[in-house]
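> Sequence and computational prediction follow.
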Amino acid sequence: MSDEREEATAAIATLISHGRREMAKVIVGQAELVDGVLIALVCGGHALVEGVPGLGKTLAIKSLARMLQVDFHRVQCTSDLMPSDLLGTNVLNMSNGEFSLHKGPMFTDLLLVDEINRMPPRTQASLLESMEERQVTIDGVRYPLPEFFTVLATQNPVEFEGTYPLPEAQVDRFLLKIKITYPSAEEELKVLEGHHAGHYDGGAEIAAMETIDTETLRQARMQLRSIRVEDSLFRYITEVVRKTRNWPPVSLGASPRAAISLMLVAKALAALDGRDFVIPDDVKTAALPALRHRMLLRPEAELEGMDTDRVVAEVLASVEVPK
């Protein structure tokens, strides 16, 4: 039976273990970031990474694209970025008088949107269709995006000048919000020693990574569908999400899409643990990254120092865990 379970989750385990090992050649520490972006890929979702500058967010995503051998584009967001800078535009061919599409960076497998909250609202809106429907519309014509299209966005939590808060419709399309912090003293020491020795400059380490074929990612996504979820856990997930909507400090709770995200991440965590079934602990672990960005707090709650991470913890503590 154990062999059957291992086979049922083999591709997921292979992808994540390979990713952890190879990305460790480039990134020191930041296990939550590495696991988060790998889980987002397995689930077919998008990830928002929040952390101060200099923690390796961009480098981690570039190394992920190298490992998977997929197309990768990076967009550095600024206040004057236009929708056409992402989508592309139709260009007139002077030789035949016909228009042809000049594709923008959106037409890729991994799209790194660096400092997404510096993108103006009109340009942010251009991501809504692509993130939900894996397609874009240009001049009334719909164009499908690649099979593995994934948005991995970063934002700085401490800079507010020149930034535009992401609207709820945008934030809700992210499967996960990954918060990363400063490395430990030992990890920071290792970074210094590595740079002194000529390592961790990014280029050589990324080039030395062992790649993995995209068929493994395709199989991992198929295997995720076979992870079993008992009826009691469906009810547990539903109750957790619904309670966020009535929690006193919360003005806007998690959406039905949040419940789907919570279930998907819990399934990925189960597979990562070598199981073909979800347990309550998977849901508890998945709750913070899957729900923290999908709630708005009341102003008075924010003034009292409340944050959504604390709300998630309180909601989980209030819901009876199925046996």
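On my side now, so go ahead.

> Please name the nearest non-neighbouring residue to the most centrally placed residue in the chain.
In the chain, the centroid-proximal residue (Cα atoms, centre = their mean) is Ala47; its distance is 1.4 Å. Distances taken as Cβ to Cβ, 6 or more residues apart in numbering place Ala40 nearest to Ala47, at 4.0 Å, with adjacent residues excluded. All C-beta atoms are positioned from the backbone trio N, CA, C, and that covers glycine.

> Off-centre distance for the host helix or strand of that neighbour?
Using DSSP states H and E, Ala40 sits in helix 31-43. In terms of Cα atoms, centre = their mean, to the nearest Å, the centre of helix 31-43 is set 7 Å apart from its chain centre.

> Which helix or strand lies directly C-terminal to it?
Counting by DSSP H and E, the next helix or strand C-terminal to helix 31-43 is strand 47-50.

> same for that next one, what does it pack against?
helix 31-43, strand 150-155, strand 176-179 (3 or more Cβ pairs under 8 Å, 6 or more residues apart in numbering; DSSP states H and E).

> The same query, at a cut-off of 10 Å, please.
If you count contacts as 3 or more Cβ pairs under 10 Å, 6 or more residues apart in numbering; DSSP states H and E, strand 47-50 packs onto helix 31-43, helix 57-68, strand 110-114, strand 150-155, strand 176-179.

> closest to Arg228 out of these?
Closest approach to Arg228 among these (Cβ to Cβ): helix 31-43, 16.2 Å.

> Can you identify each of the strands in the stretch 201-323 of the chain by residue range?
Along the stretch 201-323 of the chain, the segments classed as strands by DSSP state E, counting those that start in this stretch run 250-252, 296-297.

> okay, now the domains of this structure?
When the chain is parsed with automatic domain parsing, its domains come out as 2-226, 227-323.

> what's the distance between the residue nearest to the centre of the chain and Gln155?
From Ala47 across to Gln155, the span is 11 Å (Cβ to Cβ, to the nearest Å).

> Need the residues touching each of these two.
Listed as contacting both Ala47 and Gln155 by Cβ atoms under 10 Å, 6 or more residues apart in numbering are Lys177.

> which sections of the stretch 51-200 of the chain are below the confidence cut-off?
Where the stretch 51-200 of the chain drops to pLDDT under 70, the residues are 158-162, 197-200.

> residue ranges of the helices in it, please?
57-68, 83-87, 121-133, 168-171, 185-196 (DSSP state H, counting those that start in this stretch).

> and among those helices, the most buried is which?
Neighbour counts (mean count of other Cβ atoms under 10 Å) averaged over each of the helices of the stretch 51-200 of the chain peak at helix 57-68, with a mean of 22.

> Skipping adjacent residues, who's closest to Pro256 in space?
In space, and not counting its chain neighbours, Pro256 is closest to Val241: 7.6 Å by Cβ to Cβ, 6+ apart.

> now swap in Leu264 and tell me
Sequence neighbours aside, Cys43 is the residue nearest to Leu264 in space, at 4.4 Å (criterion: Cβ to Cβ, 6+ apart).
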